[in-house]
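In: everything below, folded, please.
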Amino acid sequence: IPRLGRYKLTEIDTLLIQNFYNSLIEEGLKPSSVKKIIETLSNCFKYAKKMKLITAIPTDIEKMPITKPQIEYWNKDQVDFFLDSIKNTPLYTPILIDILTGLRIAELCGLRWKDIDFENRTIEVNCQIIFDRINNVLVPTEVLKTDKSHRIIKIPNILVDHLKAIKEDIQPQENNFIITNRYGLIFNPRNLSMNFTREVSKYKKSLNEIKSDPKDIRQNYMQLPQITFHGLRHTHATLLILNGENIKVVSERLGHKD
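Out: Prediction:
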């Protein structure tokens, strides 16, 4: 709106869109982010052409190549070590759930007790937490990332038992969120991600770098790659594939569109 909204449809040409693209890149936006903006714009123009409001689509421009980031994940030993190191912290439950389900972080924060079927050992994904920038509040929504994001996935006994123990202990309402902040309220996905990153950063040093520490610390220490929270989703998928799971099953489990 602030950049193109003052133009009539017929006034917007390829040069104007190219300059618009270039300005976004110059402002520091990632090429992948700008690509999504141009794709949205392109869909608008495609609809305009379909409605015979314009004769040509002006979004066929020169774009910067997009380098796909390297997939980051942990192996099983790293997963086991980290889970053991956070065993008695509030971070343990969300990390355990995510490693064993591969949920997106917003889906994880939107998980409610009513979504767990303990008898059939499944989780139903039908909600996520988003930030309403207009009202400056966190809100749950059933509008998920893709139409395949609404799904029911199997969970292992270790997660069933863990969640069952928590439920018996706190006696929550079925509509309550499973992952909450220290005040029992909706957990901001951004805060959860930062908490995870901060915790992982404690394990940056190599064994040689911590040789001045007590021997018992060195015996129970492992250097971990600094992955993002989304890296846990990659970890879940990778461990499944390495254990011989069918790629289509993994894709459906993650809620991928294709």
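
In: low-confidence stretches in the stretch 51-200 of the chain?
Out: Low-confidence segments of the stretch 51-200 of the chain, defined by pLDDT under 70, are absent.

In: ranges for the helices of it?
Out: In the stretch 51-200 of the chain, the helices defined using DSSP state H, counting those that start in this stretch lie at 76-85, 92-101, 105-109, 157-170, 189-200.

In: contact partners for Ile179?
Out: Taking Cβ atoms under 8 Å, 6 or more residues apart in numbering as the contact definition, Ile179 lies against 93-94, 97, 108-109, 111, 187, 192. Where C-beta positions appear, they are placed from N, C-alpha and C, glycine not excepted.

In: then Leu159?
Out: Here Leu159 is in contact with 96-97, 100-101 (Cβ under 8 Å, 6+ apart).

In: doesn't Gly244 belong to a strand?
Out: No - membership of Gly244 in a strand is not supported by DSSP: H, G, I helix; E, B strand; the rest coil, which gives coil.

In: that one - how many residues pack around it?
Out: 6 (other Cβ atoms under 10 Å).

In: what of Lys205?
Out: 12.

In: for it, which non-adjacent residue is spatially closest?
Out: Distance criterion Cβ to Cβ, 6 or more residues apart in numbering; nearest residue to Lys205, sequence neighbours excluded, is Gln223 at 6.5 Å.

In: touching, that neighbour and Lys204? I think so.
Out: Yes - counting by Cβ atoms under 8 Å, Gln223 sits close enough to Lys204 to count as a contact (7.0 Å).

In: the two: which has the busier surroundings?
Out: The residue with more neighbours, out of Gln223 and Lys204, is Gln223; 14 against 11, by other Cβ under 10 Å.

In: re earlier: quickly note the distance from the residue nearest to Lys205 to Asp161.
Out: For Gln223, the distance to Asp161 (Cβ to Cβ, to the nearest Å) stands at 30 Å.

In: isn't Lys114 up against Phe177?
Out: No - with contact defined as Cβ under 8 Å, Lys114 does not reach Phe177; the gap is 10.4 Å.
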